[in-house]
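In: I would like the atomic coordinates for the input below:
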Amino acid sequence: MKKLVGLLVLATGVASAAIPQTERDVLIALYNSTNGDSWTTNTHWKTAGSFNTAGTEAGSSASIRMTPLVANPEVRVYTANLGNNNVSALLAANGTAMVPNISVGATPVHLAVNPAHTRVYVANWSAGTVSVIDTGTNTVVSTITGIPRPEGVAVHPNGSRLYVTTSNGGSSVLVYDIIGVSPVYLTTIDVSASGNTIVDIAVNAAGTYAYSVGHLGVHKVAVIDLSTNLVVTTVQVGANAWNVAVSPDGTRVYVTTSNGLDTIDSTTPASSYLHHSLAVGVTSGNFNSYGVAISADASRVYVANTTSEAVYVLNAGTTAITSTFSGVSGAQGVAISPDGTKLYVTNGNSNTVSVVDSTAGTVLATYVSGSNARNVIVFISATSPQTVTPVAALVITPLAPMTLSVVPNQSLQATGTVAVVANQSGTWTATTSTPWLSLTQSIGAFPGVVAGIANAAGLAAGSYTGSISVAGTAPGGTQTISIPVTLTVNSPAALTSNPTAISMASSYPAGSATGFSIQTGAPGLAFTASTSASSAGWLTASPTSGIAPTPITVTLDPSKATPGIYTDSIVVSSPGVASVSIPVKMSVSGIIATLPQQVN
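Out: Numbers count the residues shown, from 1 in each chain. From the prediction side, this is the model:
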C-alpha cells in the first residue's frame with residue numbers, strides 16, 4: 001500500500017451490519033484520494049460484493065473500521081495564534097517548525113483534526129471563516145466563508161461532518177459535509193436554548209451526541225442528537241463557559257467556566273443529565289479556567305488556568321484536584337500526547353508551548369509558537385515523517401541608529417524612526433528605559449518601523465545617548481537587539497531679520513504710505529514686535545506677535561509727518577534669546593542711509 005493513511009481491519013465472527021452511507025462515502029473518498037487502484041493490496045475495495053455495494057459489506061460475517069497507520073509515526077503539534085493570524089505546525093519531538101507559520105484568517109481561536117489526520121480545521125473569529133489545512137503540505141487548501149464569528153470546531157468520528165459554532169451573540173451550530181476537498185454546507189442547528197455566543201463544541205467517540213456550550217445568556221450545555229441534528233436537552237453549567245471535552249468512553253462531559261470546571265454525567269438519560277461544579281484555580285476571585293484535556297484511560301482531567309498560570313490535575317472519578325503543575329505562563333490551551341506521557345500547554349503571555357510531564361508536572365521543554373497562541377491540538381501524522389529543513393535562527397537587523405536633535409526654544413520634542421528587518425517573518429515588541437525617550441510605535445511585524453519621541457525638557461545643551469530594546473519572535477526562535485539612540489540638545493536659536501534696516505525718502509509735501517516686509521528667522525520661535533510711542537502715526541508694524549518665520553509688515557506714512565528726518569526702530573523679541581533691533585529712518589526731504597544694529 002503506497003502511503004496508506006488508514007488500515008482496514010476485518011474481524012470475523014461479528015454479526016453483519018450495514019455500513020452507514022456516510023462511512024461508506026468516507027472509505028470510498030479515502031480510496032480515491034490515495035490512488036487506491038495502484039495499492040499493492042486492494043482486494044474487496046470498490047469491487048462487486050465489497051462495502052462499495054450497499055448491503056454486501058465484505059460478506060455476512062465481517063465488520064470494518066479504519067485506524068491511522070504510518071511507518072515511524074510522527075507526532076505533531078498545531079497551535080492557533082490569534083495574535084498574528086496564523087497556525088504553528090511543530091514537531092512534537094523537538095519543537096522544530098515544519099514550515100513557517102501558516103497564514104489563516106483573522107483571529108484564529110480553535111482547531112480540530114479529522115480522524116485520518118489529513119486535515120486541520122481552524123476557526124477564524126474576526127474573519128468569519130474556517131481555514132482547511134492539508135497536513136501533508138501544511139498549506140490552506142480550502143476556506144469556508146460567511147460564518148458569523150466562528151469559534152468552536154469539531155469533526156465527527158467518521159470524518160464526514162464538521163461542526164462550527166457561532167459566537168459574539170450567535171446561537172447556532174453549522175454543519176458541513178467534509179468528505180470532499182471543499183466543505184459543503186448542510187444545515188444549521190438551533191442551540192439558542194443553551195444561551196448565546198456558542199464558544200465550543202465536542203462530539204463523543206461514538207458519534208451519537210455533540211455538546212455545545214454557551215458563553216453568555218443562560219449558561220447551558222446543549223446536548224445534540226447527531227442522528228437528527230436536534231437539541232434533546234440542555235444542562236445548566238457555570239457562567240462564562242470556555243471549552244468542552246468528552247471523555248474517551250463517553251461517560252463524562254467536562255466544561256471549563258469562569259467558576260472552574262463543570263462535570264456532566266452523560267450516562268444518565270438525556271432528560272436528566274447530572275452535573276456538579278468545582279472551583280479550579282482560585283485567584284483573587286477569578287478562576288478563569290480555559291483549556292481542558294482528558295487522559296486516554298479517562299482517569300485524569302487536565303485544566304489550564306490562565307489567571308493562576310498553572311495546569312490542574314483532577315481525578316476523573318472524584319473530580320478532586322490531585323496535583324498542580326506550575327511553570328507555565330498564562331496557560332490557555334492544553335492537549336495530551338497520543339501516548340499520554342506529555343501535555344502541550346500554550347502560554348499566551350510568552351508566545352510559547354510548554355511540554356509538561358503529565359505525571360510529574362515538570363516542564364520538559366519550551367517551544368516557540370506564534371503570538372498569543374490560544375488552543376492546541378496534538379496528533380500522529382497521517383503520512384510518513386517529513387524531511388524538515390530546520391528553520392534558521394532569527395536574526396534582527398536595524399537599518400540605522402536613531403539620531404534626534406532639538407533646539408529648545410523652537411521645540412522640546414523630536415521624533416525619529418528606525419526600520420528593523422529580519423531573515424524571516426515574525427513579530428516584535430520594543431521597549432526603552434531611557435528617561436527622555438518614549439515610543440509611539442512599539443509593536444509590529446517584520447519588516448517594521450520602530451518610532452520614538454525624545455523630550456528635552458529639563459536637559460541642558462549637549463549630547464545624550466540611550467537605547468531601544470527590540471525583542472523578536474519567529475519560527476527560528478527569539479532574539480533581542482539594542483538600537484542606539486543619540487539626542488543632541490542645541491543652544492537656543494537666535495533671532496534674525498531681513499532686511500536689517502529700513503529707510504525711506506519722500507519729498508514735501510508728503511507722498512503716500514509705503515510698506516516694507518521683514519522676514520523673521522529661526523522657525524518656530526514665538527516673537528513680539530514693537531515700536532516706540534514717539535513714532536505713533538508715521539510708523540506701524542503688524543502683526544505685533546507671531547511665530548517665525550511669519551513676516552512683519554512695516555508701514556512708513558510721510559503724510560503723518562512734517563518736513564524733517566524721523567528715526568525709530570522695530571524691536572523683535574523672543575524669550576531667552578537676544579532681541580533684534582531694526583533701525584527705521586524716514587526723510588521727508590531726502591534719502592538717509594542707515595546701518596543695522598542689534599540691541600540686547
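In: got the residue ranges for the helices in the protein?
Out: For the chain, the helices defined by DSSP state H cover 21-33.
In: Might you report the residue contacts of Thr165?
Out: The contact partners of Thr165, taken as C-beta atoms under 8 Å, 6 or more residues apart in numbering, are 123, 150-153, 172-174, 191, 198-201, 212. For glycine as for every other residue, the C-beta is placed from the backbone atoms N, C-alpha and C.
In: make it 6 Å
Out: Contact analysis of Thr165 by C-beta atoms under 6 Å, 6 or more residues apart in numbering lists Glu151, Gly152, Val173, Ile198, Ile201, Ser212.
In: For these, point out the one with the lowest pLDDT.
Out: Here the lowest pLDDT out of these sits on Ile198, with 86.
In: so what's Ser103 closest to, chain neighbours aside?
Out: In space, and not counting its chain neighbours, Ser103 is closest to Asn86: 5.1 Å by C-beta to C-beta, 6 or more residues apart in numbering.
In: Would you mind confirming that that neighbour is in contact with Ser371?
Out: No - taking C-beta atoms under 6 Å as the definition, Asn86 is not a contact partner of Ser371, at 8.6 Å.
In: Between those two, which has more neighbouring residues?
Out: Asn86 (23 against 19; other C-beta atoms under 10 Å).
In: Pull up the gap between the more buried one and Asn455, please.
Out: The spacing between Asn86 and Asn455, counted by C-beta to C-beta, to the nearest Å, is 37 Å.
In: One more: Ala127?
Out: The gap separating Ala127 from Asn455 is 40 Å, by C-beta to C-beta.
In: what about the two, which has more around it?
Out: Ala127 (19 against 15).
In: mind showing which ranges of the stretch 51-200 of the chain have poor pLDDT?
Out: 51-73 (pLDDT under 70).
In: What is the burial count for the closest residue to Gln236 other than its chain neighbours?
Out: In space, and not counting its chain neighbours, Gln236 is closest to Lys220: 5.5 Å by C-beta to C-beta, 6+ apart. Per other C-beta under 10 Å, the neighbour tally for Lys220 reads 21.
In: one step back: quick one: contacts for the residue nearest to Ser103?
Out: Per C-beta under 6 Å, 6+ apart, neighbours of Asn86: Asn101, Ile102, Ser103, Gly370.
In: go with 8 Å
Out: Going by C-beta under 8 Å, 6+ apart, Asn86 touches Asn101, Ile102, Ser103, Val104, Pro108, Gly370.
In: so what's it bridging to?
Out: When assigned by DSSP bridges, Asn86 has beta-bridge partners Asn81, Ser103.
In: swap in the one 5 residues further on?
Out: Beta bridges link Leu91 to Arg76, judged by DSSP bridges.
In: Just give me the residue closest to the centre of the chain.
Out: Gly83 (1.4 Å; C-alpha atoms, centre = their mean).
In: where's it relative to Thr107, distance?
Out: 9 Å.
In: quick one on the thing from earlier: closest one of the contacts of Thr165 to Ala529?
Out: Closest approach to Ala529 among the contacts of Thr165 (C-beta to C-beta): Glu151, at 66.8 Å.
In: Show me the beta-bridge partners of Tyr254.
Out: Ala245, Thr263.
In: ah, wrong one, I meant Val572
Out: Taking DSSP bridges, one obtains Ala529, Val580 as the residues bridged to Val572.
In: how far away is it from Val580?
Out: Relative to Val580, and taking C-beta to C-beta, Val572 is found at 5 Å.
In: Any chance you could list residues touching both of the two?
Out: Between them, Val572 and Val580 share the contacting residues Leu495, Ser497, judged by C-beta under 8 Å, 6+ apart.
In: show me what contacts the spatially closest residue to Val421 that is not a sequence neighbour?
Out: Excluding the flanking residues, the one nearest Val421 by C-beta to C-beta, 6+ apart is Pro447, at 4.4 Å. Shown in contact with Pro447 (C-beta under 8 Å, 6+ apart): Ala419, Val420, Val421, Ala422.
In: now do 7 Å
Out: Contact partners of Pro447, counting by C-beta atoms under 7 Å, 6 or more residues apart in numbering, are Ala419, Val420, Val421.
In: Check Val218 too.
Out: Counting by C-beta under 7 Å, 6+ apart, Val218 has contacts Ser194, Gly195.
In: Now it, what are its backbone angles?
Out: Dihedral angles of Val218 (phi, psi; degrees, to the nearest 10) stand at phi -90, psi -10.
In: Quickly note the distance from it to Ala241.
Out: Plainly put, Val218 is 11 Å away from Ala241 if you go by C-beta to C-beta.
In: For Ala112, give the beta-bridge partners.
Out: Per DSSP bridges, the residues bridged to Ala112 are Tyr121.
In: Now Asn229: closest residue in space, sequence neighbours ignored.
Out: Of all residues not flanking Asn229 in the chain, Ile189 sits nearest, at 5.1 Å (C-beta to C-beta, 6+ apart).
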